[in-house]
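A.B. asks: Requesting a structural model of the entry that follows:
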Amino acid sequence: MQEARPINLVNVAYVTNTSWNGSFGAEGANIGTENVWSELEETNRNYLGYHGLETQNIQGMLTHRIRIDKNLTDLYGYTELFDASFHQIEEEERYNTFTASFAVSAYLRTVLSNEAPFQDWLRGNYSAMTYQEKEGGLLFFGKANCSKCHYQPNLGSDEFHALGVNDMDQHPLSVKATDPVARRNLGRGGFTHNEDDNYKFKVPGIYNIGDSKHYFHGSSAETLEELIEYKNLAVKENERVSDQNMSSKFIPLSLDNKEKKQLLAFIKNGLKDPNIIRYQPDRVLSRNCFPNNDEESIGQLGCR
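C.D. replies: Down below sits the predicted model:
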């Protein structure tokens, strides 16, 4: 188990700084944090000047030990695409993990949730949402205070807040690999080394959030109902988080059961793009089994 669950990749085109602590990316929230970039190899890549998505993918290629070279692009049919995309780069520097990371980033920037009922409603189709979803939307942008943090195009933001939720090592299914004093547990403070930033985590985008099985950075909520109830009561569960670091926006909402159901309907259904699978390729140039090409998957999927 990782020390923090991954953030949804849908709508990352709108995200300037990636990861729960926002450590990747040279712009946005990281302007003014240049003094800490050089402390780690991964954040040192911020000096390259790219947005978080590109910076994170450069590091991701290395972390996952992915190898890209001319032999592989020739073998699997990608050389022409590399040539078309990176023709301004000299050939001896063209076929590698660096350029591949930009190709992956370009693809991920196309994965947009833009067919959700709420978005159709915004475009003028006022029957796109149910009455319950519309009431939930009014709560989202009103009494429930959700839009105080979730206000950018992906319904996330560049803000960081401490909500006092448990860390991954406190999860019932945690294993020894998770560390109570891991840098990731400190959230933004683990990156900036500013104690005032400790346990503050990035506000994630929430389109298609209903498809998730876990919520918050430490997976401490397993359903949207649990998440809404936690924010409704606004009582911290993690004693590691000091009261002075708790977000000023984390306040009781006083939602009744009817309102909680309406808010749930808006978030789970009104913000769900039902056709997000359209971004999954139906084939790859290598003709390898997709999405897995290990021997067992090839046999099970019958895609030799």
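A.B. asks: And for the closest residue to Asn166 other than its chain neighbours, the neighbour number?
C.D. replies: Nearest non-adjacent residue to Asn166, counting by Cβ to Cβ, 6 or more residues apart in numbering: Ser220, 4.2 Å away. Using the backbone N, CA and C atoms, a C-beta is placed for each residue, glycine as well. Residues near Ser220, counting by other Cβ atoms under 10 Å, number 23.
A.B. asks: wait, what's in contact with Ser220?
C.D. replies: Val165, Asn166, Gln170, His171, Glu237 (Cβ atoms under 8 Å, 6 or more residues apart in numbering).
A.B. asks: Let me know the closest of these to Glu34.
C.D. replies: Nearest to Glu34 among the contacts of Ser220: Val165, at 29.6 Å, using Cβ to Cβ.
A.B. asks: From the chain's centroid, how far away is stretch 96-115?
C.D. replies: 14 Å (Cα atoms, centre = their mean, to the nearest Å).
A.B. asks: can I get the CA coordinates of it in CSV?
C.D. replies: These are the backbone C-alpha positions of stretch 96-115, laid out as CSV (Å, rounded to 0.1, in the frame of the first residue of the first chain):
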residue,chain,number,x,y,z
ASN,A,96,13.7,8.6,-24.6
THR,A,97,11.7,8.8,-21.4
PHE,A,98,11.9,12.6,-21.4
THR,A,99,10.0,13.0,-24.7
ALA,A,100,7.8,10.1,-23.9
SER,A,101,6.7,11.9,-20.7
PHE,A,102,5.5,14.8,-22.8
ALA,A,103,3.6,12.5,-25.0
VAL,A,104,1.9,10.9,-22.0
SER,A,105,1.1,14.4,-20.6
ALA,A,106,-0.4,15.5,-23.9
TYR,A,107,-2.7,12.5,-23.8
LEU,A,108,-3.7,13.0,-20.2
ARG,A,109,-4.6,16.6,-21.0
THR,A,110,-7.3,15.3,-23.4
VAL,A,111,-9.0,13.2,-20.7
LEU,A,112,-11.8,15.7,-19.8
SER,A,113,-15.0,15.1,-18.0
ASN,A,114,-17.3,17.3,-20.1
GLU,A,115,-20.5,15.3,-20.6
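A.B. asks: what stretches of the stretch 101-250 of the chain score poorly on pLDDT?
C.D. replies: For the stretch 101-250 of the chain, applying pLDDT under 70 flags the ranges 174-178.
A.B. asks: Please enumerate the helices of the protein.
C.D. replies: Ranges of helices in the chain, per DSSP state H, are 41-44, 52-63, 70-76, 79-85, 97-108, 117-122, 131-140, 188-192, 224-233, 257-265, 295-301.
A.B. asks: now the angle from the fifth one to helix 52-63?
C.D. replies: Helix 97-108 runs at 130 degrees relative to helix 52-63, counting by axes from the mean of the first three to the mean of the last three Cα atoms, to 10 degrees.
A.B. asks: ok, now which ones touch the residue lying closest to His161 once chain neighbours are set aside?
C.D. replies: Nearest residue to His161 in three dimensions, chain neighbours excluded: Ser247, at 3.8 Å (Cβ to Cβ, 6+ apart). Contact analysis of Ser247 by Cβ under 8 Å, 6+ apart lists His161, Ala162, Leu163, Lys200.
A.B. asks: Kindly check the end-to-end length of stretch 145-164 for me.
C.D. replies: 18 Å (Cα to Cα, to the nearest Å).
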